[in-house]
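[1] here is my input, please return the structure:
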Amino acid sequence: MMRLFHSCLQVVLCCFLSCIPVTGQGIDRTNRLNFNTGTSQVKPMEPRMPNFGGNSTNTGHKFIRLSNGSSEQDPFASVTKTTACGTTYVLEDGHMAMIYSRSDYYSYTCDNTFKAAGDSSLLIMECPNFRLRFTCYFESLKISAGGKEHEYCGKDEVPRISSKEISLYYKRVLMGFNGGYNCLMIAKGPSVQPMNALTEPRCGVTLNTKASLNEHRIVGGTNAKMRHPWMVHLKMTVGKYNYEYRCGGTLVTNKHIVSAAHCFYGYDIRTVDVALGKNDLSVANEQGSVWRRTSTYKVHESYDDSLLLHDIAIVTIPEPVTYSDLILPICLPPADLKIQGGEESVAIGWGATSYGGQEALVLQEVNLTVQSNSQCQSDWRKKFGDLYFEIFDSQLCTKNAGKDTCSGDSGGPLLYKVNGTWTLIGITSFGYRCADPDVGGVYTRVSKYINWIKTNTQ
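    As a prediction, the model looks like this:
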């Protein structure tokens, strides 16, 4: 059990001694491709359509506007198979196009463009089956969206792409067996948040997100009611005896994770195992999750281990991750964000569910009320009779009866909605025991470190 002393105070690091208590049941395991009504209503795609007779690429471009034949019962009633090449398709809201390569003996090329009809509509594209042959020289699919173009081949994973207009160019040099692709193109209205996987997705949003604030006013926390695609599980392996301990972190770019400095300072860390897209730690190969191993991390240069000041660090993984529904970055707050006290926030993590208890296997979330720094400081001074204890401007506190972060949650996020998007306002730092009735938990105030984060995530 690790303990730190702040003046004469016994201060407990959340990395080892803080938690999110939980009594709730049930997990929201939202499937991929769940756009409100979801594509589960769409029938399975037909087999690839053979076209014996050589290259069928059309000359010139046709302009096709799909008729609005959908009904309230079946929003994807209008499904079009894009068998023609050299064609521009305009999809009305709620309509879907299926794109697939031919399965025949011939080499060929095919280009198509897809546009969303409405001013506020977006196209969302996913390729559930993508296995091209060999290298991009033999078979490839080029996708252009948002002013960017990427080429995919072999066993590449094509990310979800969202844009007003998406263009595809497919080429095949060898005969079309044992290769090919199937993709879905869906037009959706303004309820879908824009995410362009070819550039940078919008942070702090996910298609699975539903409001969690003010939903669960119970003692302790609950199993997370929504997937938090920015949540990261960190496992540190220390020294020659391979001692292990765990912290949380938050994804801010496709290569960088923000966590707490005290999770790394003073340890002979050999490796850091990074798990993204996780919800249930008991499932090793959880669908959509990604594991990375690194030894690259940076602790804030001014970190004070006695005062727990500047308790922030950045972990860098060697290869960027591909964004998906389950892996997305969090928004960083503006440097001038004012969080004074009374705001409703959410903490998440796999920490212990009670003081001295077992760490959770399923991701937990808890609603916490931000406490003013002055009141937080007053509570800590009163608790321990220390008139010199100070809560600094670079820190913030939360306090709720029976609710708190705890052991194993250190480095994890404290979230707050800014203009409708989840924003990282705090990093779990320290507290006294867990959910102590007299004092609240203390977090690193992220808005004070925006320039430092940006400098170290170039």
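[2] residues contacting residue 157?
    Counting by C-beta atoms under 8 Å, 6 or more residues apart in numbering, residue 157 touches 130, 322. Where C-beta positions appear, they are placed from N, C-alpha and C, glycine not excepted.
[3] against residue 140, how distant is it?
    14 Å (C-beta to C-beta, to the nearest Å).
[4] and if you look at residue 350?
    For residue 350 relative to residue 140 (C-beta to C-beta), the value is 40 Å.
[5] more crowded one of these two?
    Neighbours per residue, other C-beta atoms under 10 Å: of residue 350 and residue 140, the larger number sits with residue 350, 26 against 20.
[6] please name the nearest non-neighbouring residue to the more buried one.
    residue 360 (4.9 Å; C-beta to C-beta, 6 or more residues apart in numbering).
[7] ok, now how distant is that neighbour from residue 180?
    For residue 360, the distance to residue 180 (C-beta to C-beta) stands at 43 Å.
[8] quick one: which of the two has more around it?
    With neighbours defined as other C-beta under 10 Å, residue 360 and residue 180 compare such that residue 360 has more, 24 against 20.
[9] would you confirm that the more buried one contacts residue 354?
    No: at 10.4 Å, residue 360 does not count as touching residue 354 under the criterion of C-beta atoms under 8 Å.
[10] buried residues in stretch 101-118?
    For stretch 101-118, burial by neighbour count (16 or more other C-beta atoms under 10 Å) applies to 101-104, 106, 108, 110-116.
[11] tell me which residues of the helix ranked longest in the chain are tucked away?
    Ordering each helix of the chain by length in residues (DSSP state H) puts helix 373-384 first. Using 16+ other C-beta under 10 Å as the test for burial, helix 373-384 gives 373, 376-377, 379-381, 384.
[12] need the nearest residue in space to residue 235, chain neighbours excluded.
    Residue 235's closest residue in space is residue 273 (C-beta to C-beta, 6+ apart), at 4.3 Å.
[13] actually residue 435, not the one I typed
    residue 404 (3.8 Å).
[14] distance of the one you found from residue 443?
    Residue 404 is 11 Å from residue 443, by C-beta to C-beta.
[15] equivalent analysis for residue 253, please.
    Relative to residue 443, and taking C-beta to C-beta, residue 253 is found at 21 Å.
[16] who has more neighbours, the two?
    residue 443 (28 against 19).
[17] tell me the pLDDT of that one.
    We note a pLDDT of 96 for residue 443 in this prediction.
[18] helix, strand or coil: sort out it for me.
    Secondary structure assignment for residue 443 (DSSP: H, G, I helix; E, B strand; the rest coil): strand.
[19] wait, isn't it in contact with residue 397?
    Yes: contact criterion C-beta under 8 Å: residue 443 and residue 397 qualify, at 7.1 Å.
[20] returning to that earlier point: what is the rounded mean pLDDT of the longest helix of the chain?
    Averaged across helix 373-384, the pLDDT comes to 96.
[21] helices and strands around it, which ones?
    strand 9-13, strand 395-398 (3 or more C-beta pairs under 8 Å, 6 or more residues apart in numbering; DSSP states H and E).
[22] what's across from the closest residue to residue 250 other than its chain neighbours in the sheet?
    Spatially, and ignoring its direct neighbours in sequence, residue 250 is nearest to residue 413 (4.3 Å; C-beta to C-beta, 6+ apart). According to DSSP bridges, the residues that bridge with residue 413 are residue 427.
[23] what number of residues lie near residue 413?
    Residues near residue 413, counting by other C-beta under 10 Å, number 31.
[24] how close does it get to residue 458?
    22 Å.
[25] and what of residue 340?
    Here residue 340 is placed at a distance of 32 Å from residue 458 (C-beta to C-beta).
[26] all helices of the stretch 301-450 of the chain, in order?
    Assigned by DSSP state H, counting those that start in this stretch, the helices in the stretch 301-450 of the chain fall at 373-384, 450-455.
[27] the longest one to strand 441-445, inter-axis angle?
    Looking back up the chat, that one is helix 373-384. 140 degrees (axes from the mean of the first three to the mean of the last three C-alpha atoms, to 10 degrees).
[28] need the residues that contact helix 373-384.
    For helix 373-384, the external contacting residues (C-beta under 8 Å, 6+ apart) are 8-10, 341, 371, 386-387, 389-393, 395-397, 399, 432, 436, 438-440, 442.
[29] hmm, 7 Å instead?
    Residues outside helix 373-384 that contact it (C-beta atoms under 7 Å, 6 or more residues apart in numbering): 8-9, 341, 387, 389-391, 396-397, 438-440.
[30] surely residue 97 and residue 83 touch.
    No: using C-beta atoms under 7 Å, residue 97 makes no contact with residue 83, being 10.7 Å away.
[31] with neighbour numbers in mind, choose between these two.
    Using other C-beta under 10 Å, the more surrounded residue of residue 97 and residue 83 is residue 97, with 22 against 14.
[32] which residues touch the more buried one?
    Neighbours of residue 97 in contact, by C-beta under 7 Å, 6+ apart: 80, 82, 89, 91, 114, 185.
[33] so what's the backbone phi/psi at it?
    Note on residue 97: backbone dihedrals following degrees, to the nearest 10 are phi -120, psi 140.
[34] now it, which residues is it bridged with?
    Beta-bridge partners, per DSSP bridges, of residue 97: residue 80, residue 185.
[35] buried ones only from the contacts of residue 97, please, as a ChimeraX command.
    Buried residues among the contacts of residue 97 (16+ other C-beta under 10 Å), as a ChimeraX selection:
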select :80,82,89,91,114,185
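[36] which residues in the stretch 301-450 of the chain form strands?
    Here the stretch 301-450 of the chain has its strands, by DSSP state E, counting those that start in this stretch, at 313-316, 344-349, 364-371, 395-398, 413-418, 421-431, 441-445.
[37] understood, closing this out.
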